[in-house]
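1. got a structure for you, letters missing:
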């Protein structure tokens, strides 16, 4: 595209981000501040991820962008087109063909390889944010590895609900040292971060932080010996590809409680359908008890 | 004056490919990557050393040029657009051809360990010479890095730096058109 540098960012900005990235890789899980730039899209739409991708991307890379696992949603389509225009790189929806995968809120179902890089878009990089609002204080807590408050928060969940009630952005310990926010991926995806062969980079544009997990690094979801970390998924099969082990989206199909469970990873689902797997293709119908509305809703807890 | 010698012929593409080599080397300690092919930097710099500096250094980075690299000072000043930092203790980057005392370089602070120095050390050769066994994040199993030109007591000199984690100096080794990296997380034994 005329009038822009390769991959939109100017070279001085790329150097600044590249210096931050190298330090982030050298200190797994530690948030490195960087001079986040104004990007041609609003905060919250992946400005951090885009800046990291732009600094890493080369002309011979193949880029895949997913948003909640889907290749065809607005955010994914526009970011993919942004780099196709400003960098002229090849883009793909196929997880296997991609060399760089920028993601919002999911890790692909397919196992990533050593020659791939995954870039996460991060809204809130500070895992202690909801427990301690002062940045100065959380920095000190990280320096001292003082993470008791987070364990107390998990413990309170167990006393109140009988289990840890965090379904996404579930905090992890990286390399046994730094508490890290994995970005709002479902807790279902947390185990994929552990010893992943691919390099994982995280960019938070509004909060101006970059962090990273090198390949083959220990990533443990916080838990207790008597309450080990467990992943959850909707107890259904994908209605399109019949998968019983992928993360499912619940799609509302009408205004009478009808809903359908389908794979959140569209590439994974389509690959399976092409291989001959087929689901029922039918929506589930919720049967509303007659007259139950008067007693305050038809759903049993 | 040696500033007549060219820098990157294609600054955008070559900085990107050098950075990817460096990022990959940092993420997988001990793997040897190619960088700087075609560069003709002034003595004593090798192409890989020059490529790393051209990729990372600008007016916002504090580069200390060790005395043994002083002949390349003008070239680095011109092509990186930076004024060298005279004090190695406050530099973000240090370029040298002999291993300095790591304790004299900035190890960063507990709250900002990323402010530590990156040592760009030019050695005689990578892939041949003394075997060093590396272990740490980025490595599925311990890896062997062969280097010609590191002091015999390198493992002993590295250990206190590694023990500082999360503080500590990160090391980039360059020789010819090859580079390898050893971040602070890596434990080194003679192997």
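-> Structure's in. What do you need? Here the structure is a predicted model, which means the values were calculated and not measured.
2. And residue A:214, what's its pLDDT?
-> According to the model's per-residue confidence, residue A:214 sits at a pLDDT of 98.
3. which residues sit in contact with the spatially closest residue to it that is not a sequence neighbour?
-> Take residue A:214 and drop its neighbours on the chain: the residue closest to it by Cβ to Cβ, 6 or more residues apart in numbering or on different chains is residue B:138, 3.8 Å away. (C-beta placed from N, C-alpha, C; glycine too.) By Cβ atoms under 8 Å, 6 or more residues apart in numbering or on different chains, the contact set of residue B:138 is A:25, A:214-217, B:26-29, B:183, B:185-186.
4. Just the element for residue B:145, please.
-> According to DSSP states H and E, residue B:145 maps onto strand B:143-148.
5. can you list the residues of chain B near chain A?
-> Listed as neighbours of chain A in chain B under the rule Cβ under 8 Å from any Cβ of the partner chain: B:11-13, B:15-17, B:19-20, B:22-24, B:26-28, B:55-58, B:60-61, B:92, B:109-114, B:116, B:118, B:137-140, B:165-166, B:170, B:183-185.
6. Let me know the pLDDT of the residue most central in space within chain B.
-> If you average the C-alpha coordinates of chain B and look for the closest C-alpha using Cα atoms, centre = their mean, you land on residue B:120, 2.2 Å from that point. In this prediction, residue B:120 carries a pLDDT score of 98.
7. Wasn't it part of a strand?
-> Yes - when classified by DSSP: H, G, I helix; E, B strand; the rest coil, residue B:120 is found to be part of a strand.
8. quick one, what contacts it?
-> Taking Cβ under 8 Å, 6+ apart, we find residue B:120 in contact with B:49, B:52-53, B:93-96, B:172, B:174.
9. And for residue B:28?
-> Contacts were defined as Cβ under 8 Å, 6+ apart; by that measure residue B:28 touches A:114, A:214-215, B:138-139, B:143.
10. and with 6 Å instead?
-> Under the criterion of Cβ atoms under 6 Å, 6 or more residues apart in numbering or on different chains, the contact partners of residue B:28 comprise residue B:138.
11. swap in residue A:113?
-> When the contact criterion is Cβ under 6 Å, 6+ apart, the partners of residue A:113 are residue A:197.
12. mind listing the strands for chain B?
-> B:33-34, B:63-65, B:93-96, B:118-122, B:125-135, B:143-148, B:170-175, B:178-182, B:187-190 (DSSP state E).
13. Residues in contact with the last one: which ones?
-> Residues external to strand B:187-190 that are found in contact with it (Cβ under 6 Å, 6+ apart): B:132-136, B:155, B:158, B:162.
14. if we can go back for a sec, can you add distance to residue A:244 and give the strands of chain B back as JSON lines?
-> Output for the strands of chain B, formatted as JSON lines (distance: least, Cβ to Cβ, whole Å):
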{"stretch": "strand B:33-34", "distance to residue A:244": "41"}
{"stretch": "strand B:63-65", "distance to residue A:244": "56"}
{"stretch": "strand B:93-96", "distance to residue A:244": "52"}
{"stretch": "strand B:118-122", "distance to residue A:244": "48"}
{"stretch": "strand B:125-135", "distance to residue A:244": "38"}
{"stretch": "strand B:143-148", "distance to residue A:244": "38"}
{"stretch": "strand B:170-175", "distance to residue A:244": "45"}
{"stretch": "strand B:178-182", "distance to residue A:244": "42"}
{"stretch": "strand B:187-190", "distance to residue A:244": "42"}
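15. Give me whichever of those strands is most buried.
-> For those, the stretch with the most neighbours on average is strand B:178-182, a mean of 28; neighbours defined as mean count of other Cβ atoms under 10 Å in any protein chain shown.
16. which residues sit against the top helix by length along chain B?
-> Longest helix in chain B by number of residues, with DSSP state H as the criterion: helix B:11-27. With Cβ under 6 Å, 6+ apart as the contact definition, helix B:11-27 has outside contacts at A:6, A:18, A:22, A:25, A:58, A:199, A:214-215, B:8, B:31, B:33, B:35, B:51, B:55, B:138, B:179-181, B:183.
17. Stretch A:172-186 now?
-> Residues outside stretch A:172-186 that contact it (Cβ under 6 Å, 6+ apart): A:28-30, A:105-107, A:120, A:122, A:125, A:127, A:147, A:168-169, A:171, A:213, A:217-221, A:247, B:137.
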